[in-house]
Structures are given as C-alpha cells and as structure tokens.
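Participant: Curious how this folds, go ahead:
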Amino acid sequence: MAQITCRDAINQALQEEMGRDPQTILLGEDVALYEGSFKVTKGLLARFGEKRVIDTPISEAGLVGFGCGGAMTGLRPIVELMTVNFGLVAMDQIMNHVAVVRYMFGGQTKVPLTIRAPGGAGHQLGAQHSHSIEALLMHCPGLRVVAPSMPADAKGLLKSAIRSDDPVFFVEHEGLYGVKGEVPEGDVTIPLGVADIKRKGKDVTLITLSRMVYVCLEAAEKLAEQGIEAEVLDLRGLNPLDLPTVLESVEKTGRAVTVEECWLTGGWGGELAALVMEHAFASLSAPVLRVGSADVPMPYNKELEQAALPDVDRVVARVREVMEF
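Facilitator: Residues are numbered from 1 along each chain as shown. Model (predicted):
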C-alpha cells in the first residue's frame, strides 16, 4: 500500500466519488480556483469543471442551505467550510434543516449532504479559529458525525459519508493533513459508526478520536515502560457511536479514560463515561476519568495554547490515577 498524507487521502476520496457519481458536486469558499485553503481540493476543478466544483460567496449559512436543498432534490453535495469555526454561522441551517428534514418529511426525502470542515487547535490561530465542536454536533439528532485520525480512515470514511443518504458532518483536524500512513488502493470504504482498536492493551482503555489518537498512542508507549498496557480505542466518529466496541474493551480492561480536544465541560467524554457506567458498571474497577481541553478561550500565545490542550503527560497522569483505585 502507498504511504500518502491525510490531505491526499481525502483528495483521493473526493476524486473517486465525484468520478463515480455525476450527481456529486463540491461547493465552498476557494475550493475551485484556489484549490482549497489546505489544498485538499487540488485538481478537482480541472477534472470536473466549474458546474461541479463551485466557488461560493462568503456565506456559510447560504452554502449549507444550498447544499441541503440540492441534496433534497437529487444531488449529492459536498460542502466545504473553510474552518469548522465558521460552521457556527450555519448552525441554524445545520440543526434546524439539514439534520431534521428527513425525519420531518417522514422519510419521503433524503439529505445526502456531506459537510467537510477542518478544525482543532495547536496552530496559534486564536480563540475564534481553534474550535473543536464535535460534542455540539453529537448533540444534534439526525446528523452523522465523523472525525478520522489516520489517512486510510479519512479516505474510507469520507467515501462512506458521501454515499450516505443521511447528512454527515466530517471533521478534518488541521494538524493531521500532513500526517502520512498506508492507504489501500481501489474502492475501499469504511462503514460509519465502527470504532477501531489502534493499540491493544489489558489494563486500561483510552477512548479517543481525531488528533488525540496520536497523543494516546504516545502515552501508551510511555505507560508500557511503566508496566501499564493501555488499549487505544479510536471512535472514528460520534454518531453513529460504536458503543458495543467501547463496552467490549472496557469490560476487558476494567478501567477507562476518555481523551478529547473538546472543552472538558460538556464534552463528549462525559457522555461516554455515563454510557460506560450505565452499561458496564459491574466490569469497572475504577471510575471513568476524563481528559479534555481547558475551559478557556483558546490562547494565541503558543505556550498558553499548548497548556490548554491535552498532552501526553496529562494522559499518562490520568491513567496512573485511575490505576490507583
């Protein structure tokens, strides 16, 4: 298998899905002539033309609404938001229309819309451009939420998202675009709602996704040196949530720590902790602990920004804490 970046893996998925289905279109700010702010849409305009790769005005609510209407009337749109932070401008469209239309129409219409957006912090972009809003999106019934970590996952999950008849919000972490990994050739898809064990272990389960997968893998290496074998479970998305795989892992290890880049208060880790304690309480040897970003607007200062984000040492410390129960 070829080693390619996450950016190129996503581009491959877009190329393949647009080539497979002429009803699949791409729209967003600077996705055509400029080929995207992160160059994810490179080559698409040249291949598919301006009627299928569309530069839009700076109006997130407008382009998400356009995508919703197009999806309802037979197209399979892919909307790229320049950053997930700008998705907040379109939350009326996302939560009041995109996510609920199929239900409100009694299943008589589908909404095969994929919304792609880079997110996450760590690049000194300030408080308005460093959001992780997966927990907010998870709180919206009817909206599928995907957040891959590895290039192969990004490609396979994006292909499935585009083919889904439900709307999907696909979160691409800005810090992972340049990460390389093996990606299978050919039409390989990964079903939505299927978690993946990135590292096997027997002592504690680290439940995570997106960029925090790499933080947890590094933490697991350090913990192994201390005689603690951590299992790293990559959720790969939050809706559908692969609860059976989570419970199977926790029932094996007896301990769990959730690790997310969302703010800790109201983060998705709290929901996972509640579900684990509700469904696997008898298997737990300790309470489920959580690691998340500090409850502060993301600082611009580099040192303060790093202090606000979860890191390897914080994960290791939390695991050592849960092992002492």
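
Participant: what's near enough to touch L44?
Facilitator: Contacts for L44 (CB atoms under 8 Å, 6 or more residues apart in numbering) come out as 11, 14-15, 18, 26, 31-32, 35, 53. In this view, the C-beta of every residue, glycine as well, is placed from N, C-alpha and C.

Participant: Out of those, the closest to Q3 would be?
Facilitator: Relative to Q3, the closest of the contacts of L44 is N11; by CB to CB it sits at 15.0 Å.

Participant: measure that closest one to E172 for me?
Facilitator: As for N11, its distance to E172 is 11 Å (criterion: CB to CB, to the nearest Å).

Participant: can you list residues touching both of those two?
Facilitator: V40.

Participant: which residue ranges form the helices in the stretch 51-200 of the chain?
Facilitator: In the stretch 51-200 of the chain, helices defined by DSSP state H, counting those that start in this stretch lie at 60-72, 91-93, 101-104, 134-138, 151-163, listed in chain order.

Participant: and the fourth one, what does it pack onto?
Facilitator: In this structure, helix 134-138 makes packing contacts with strand 144-146, strand 168-173, strand 237-239, strand 256-263, helix 268-279, judged by 3 or more CB pairs under 8 Å, 6 or more residues apart in numbering; DSSP states H and E.

Participant: so which of these comes closest to V213?
Facilitator: Comparing the helices and strands packed on helix 134-138 by CB to CB, strand 256-263 comes nearest, at 8.7 Å.

Participant: what is the orientation angle of the closest one with helix 268-279?
Facilitator: 150 degrees (axes from the mean of the first three to the mean of the last three CA atoms, to 10 degrees).

Participant: State the separation between strand 256-263 and the centre of the chain it belongs to.
Facilitator: Distance, stretch centre to chain centre, for strand 256-263: 13 Å (CA atoms, centre = their mean, to the nearest Å).

Participant: model confidence over that strand, on average?
Facilitator: Across strand 256-263, pLDDT averages out at 98.

Participant: highest average neighbour count across the helices of the stretch 51-200 of the chain?
Facilitator: Compared across the helices of the stretch 51-200 of the chain, helix 151-163 shows the largest average neighbour count, a mean of 24 (mean count of other CB atoms under 10 Å).

Participant: Quick check on N11 and E172: which one has the bigger neighbour count.
Facilitator: Neighbours per residue, other CB atoms under 10 Å: of N11 and E172, the larger number sits with E172, 25 against 22.

Participant: Identify the residue nearest that one in space, chain neighbours excluded?
Facilitator: P118 (4.9 Å; CB to CB, 6 or more residues apart in numbering).

Participant: What are the neighbouring residues in contact with the one you found?
Facilitator: Here P118 is in contact with 37-38, 82-84, 171-174, 177 (criterion: CB under 8 Å, 6+ apart).

Participant: how much space between it and V111?
Facilitator: The gap separating P118 from V111 is 22 Å, by CB to CB.

Participant: Mind jotting down where the strands sit in this protein?
Facilitator: 2-5, 24-28, 53-55, 76-80, 114-119, 144-146, 168-173, 180-183, 196-199, 204-208, 230-234, 237-239, 256-263, 289-293 (DSSP state E).

Participant: Can you add distance to A61 and give the ones you listed back as JSON lines?
Facilitator: Conversion of these to JSON lines gives the following (distance: least, CB to CB, whole Å):
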{"stretch": "strand 2-5", "distance to A61": "31"}
{"stretch": "strand 24-28", "distance to A61": "13"}
{"stretch": "strand 53-55", "distance to A61": "16"}
{"stretch": "strand 76-80", "distance to A61": "11"}
{"stretch": "strand 114-119", "distance to A61": "12"}
{"stretch": "strand 144-146", "distance to A61": "20"}
{"stretch": "strand 168-173", "distance to A61": "15"}
{"stretch": "strand 180-183", "distance to A61": "34"}
{"stretch": "strand 196-199", "distance to A61": "34"}
{"stretch": "strand 204-208", "distance to A61": "32"}
{"stretch": "strand 230-234", "distance to A61": "32"}
{"stretch": "strand 237-239", "distance to A61": "22"}
{"stretch": "strand 256-263", "distance to A61": "23"}
{"stretch": "strand 289-293", "distance to A61": "27"}
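
Participant: Please save the CA atoms from stretch 160-170 in CSV.
Facilitator: Provided in CSV are the C-alpha atoms of stretch 160-170 (Å, rounded to 0.1, in the frame of the first residue of the first chain):
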residue,chain,number,x,y,z
SER,A,160,-19.0,6.2,3.0
ALA,A,161,-20.1,9.7,4.2
ILE,A,162,-20.6,10.9,0.6
ARG,A,163,-22.6,7.7,-0.2
SER,A,164,-24.8,8.1,2.9
ASP,A,165,-28.4,9.2,2.5
ASP,A,166,-28.2,10.9,5.9
PRO,A,167,-26.3,14.2,6.4
VAL,A,168,-22.7,13.8,7.6
PHE,A,169,-20.5,16.4,9.3
PHE,A,170,-16.9,15.3,8.5
